Structures are given as C-alpha cells and as structure tokens.
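Peer 1: fold the following and give me the result.
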Amino acid sequence: MTDDSLISWLTALDALPERLERELPGRWSGLEFLPSVDSTNGRLLDSEELVSYGFRVCVAREQTAGRGRRGRSWVSSGGSGLTFSLARALVPGEAPAPALTLAIGVGLARGLFRCGLDGFGFKWPNDLVTRNGAKLAGILVEARPGAPGRPPALVAGVGLNRRGARGLGLDRAAADLADLGGEPAPDLPDLLYAILVELVSAWEAFAREGLGSVLDDYRRLDHLFGQQVQVVESGLEGIAEGVDPVDGALLLRRPEGLQRLYSGDVSVRRVDRG
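Peer 2: Numbering: from 1, shown residues only. Okay, here's the model as predicted:
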C-alpha cells in the first residue's frame, strides 16, 4: 500500500478482522483502528471491554503520547510506523509474568519472518534490533490491577518502524523494515495480520507452558548472547549468557559468578572496545 492517506489506511484494514477470525477462530474480542490516540496501551488499559477468553486489539495510525519502557516515549506519526496494542483480562488465579515480554518479542519476530523479513535479533528485555544494534521495534507489557466491575488485565504494546526511522530524531540508532534483508516490506494489512496471528499464538503458548514454549526461538534471536555487556545505570559489566528459562532474568557472567538482572531494574548495552 503506497498511499498512506487516512482513508486508504483505514480502508486497507477493513478485511483484517475477518482474516484473523478465519485463522484463529474465537480468539478475538474486538479490533479498533484509530486515526490518532495518545497511547494504544493506555486506551486498552482503560477499556471496560477486556475479557479473559479473547484478545482485544487497538491499532493507531498516530500516537501522540506513546509509551516505552521506564517512562520513555515512543515516536510514531503519519503511518510511518506500526503502533498497536493487544490485551486480555487475566483468568482467575493468573498472575502477570515478566517473561511475557520475551514471548511477545518472539511472536513479533515470527510475524516478520512470516513476511519474508530477516536480519534482526532480540535485545533483552524488549527490543528488536538489527545486527548492528539499531532499534527496529520496541515492546511494552503493562498490567492493570483489578477493580469492582473491571478484571485485572495485561496489555502488550508494539511499536515497529516501517520506514523513515532515520528522520525520527531519536537519541540512538534506529532502523526500519527497509534495512532488513529478504523480501520487500509487506503492505500494512499483511504485516499486521502476520504479526497479530503470531503474537496471539506465542502469548497463548506462554500462558500454557511458560517461557519454555518460545525458548529455542529466543535463543536463536538473542542479540546479547556471548557478548560483553554493561548495565547502563551502574556500569557493571559481564558476559551475557542468555536468560533464565523460568522468569526471563538476564544471566550475566561475572568474575565472582553468575548474576541475575531483571528488566524492571536495569538497561543494558553491548560493549564494543574494538
């Protein structure tokens, strides 16, 4: 789809709900496509329509206050990116699991692979990056506590650079789909369809089996494995040795032994002293 006018954008997405229902019947509780919203995550966190037996999706052409991890913002406007969120209510007794972010990352990667795209990996805890470390996509999983008449819920937000990443004015290297090898970037409806199918499949498998359901794919995608990395906040360094298969903690090899890092506490980066 070369025409990114608002009418063309919305028209191209008209058939998406029916396509999703055909491939994964009974998994969807609603899809909405918005010209502009402050935050797709915020929209779904405030929704009174979340249920535990189906996923609700909010897609926005533009986000005016998109959220990233640890209070950062996600820049997206005018159809240059793909920004959406996926949410469902928790079933009774289900607790939020931090490792869900890793499962969502694998699902996102599988969706891109399904479109013939390659040349990227997953940088713990929540980014897809190119082989040289430029950010291609970010993920933010948030939990909503329960309240009278409103069940607790989880929402996973995704921001993916489709094109024009170098013009976003970010303070770090960014990439878009044109920077990947493989097939040309697909049209928006096909891209969103492939990603949503793989995200829901990965989320459902994670809910049943935990991180082990996606661990092999995660290991193949792991951008940090075997690399010298540094904790941004403290300067602590070590060799990244993958993640704990239970809770998704990053395992850091230090002279004194193995240290565990949790995504809510730290950011890490590869150290290149070459």
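Peer 1: tell me the SS of the closest residue in space to residue 114 that isn't next to it in sequence?
Peer 2: In space, and not counting its chain neighbours, residue 114 is closest to residue 194: 4.3 Å by CB to CB, 6 or more residues apart in numbering. C-betas here are computed from N, CA, C, even on glycine. What DSSP: H, G, I helix; E, B strand; the rest coil gives for residue 194 is helix.
Peer 1: hang on, residue 194 packs against residue 111?
Peer 2: Yes: look at residue 194 against residue 111 with CB atoms under 8 Å: they come within range, at 4.5 Å.
Peer 1: looking at these two, which is more packed in?
Peer 2: Higher neighbour count among residue 194 and residue 111: residue 111, with 23 against 20, using other CB atoms under 10 Å.
Peer 1: for residue 201, see how far away the closest residue to that one other than its chain neighbours is.
Peer 2: In space, and not counting its chain neighbours, residue 111 is closest to residue 195: 3.4 Å by CB to CB, 6+ apart. Applying CB to CB, to the nearest Å, the value for residue 195 to residue 201 is 11 Å.
Peer 1: equivalent analysis for residue 108, please.
Peer 2: Counting by CB to CB, the gap from residue 108 to residue 201 is 12 Å.
Peer 1: more neighbours, those two?
Peer 2: In terms of neighbours (other CB under 10 Å), residue 108 is the more surrounded of residue 108 and residue 201; the figures are 25 against 19.
Peer 1: just how off-centre is whichever helix or strand the more buried one is part of within its chain?
Peer 2: Per DSSP states H and E, residue 108 falls inside helix 100-114. From the chain centre to the centre of helix 100-114 is a distance of 7 Å (CA atoms, centre = their mean, to the nearest Å).
Peer 1: do stretch 201-211 as well
Peer 2: The chain centre lies 15 Å from the centre of stretch 201-211; the measure is CA atoms, centre = their mean.
Peer 1: just checking, residue 155 touches residue 41?
Peer 2: Yes: using CB under 8 Å, residue 155 is in contact with residue 41, at 5.2 Å.
Peer 1: nearest spatial neighbour of residue 260, chain-adjacent residues omitted?
Peer 2: residue 249 (4.2 Å).
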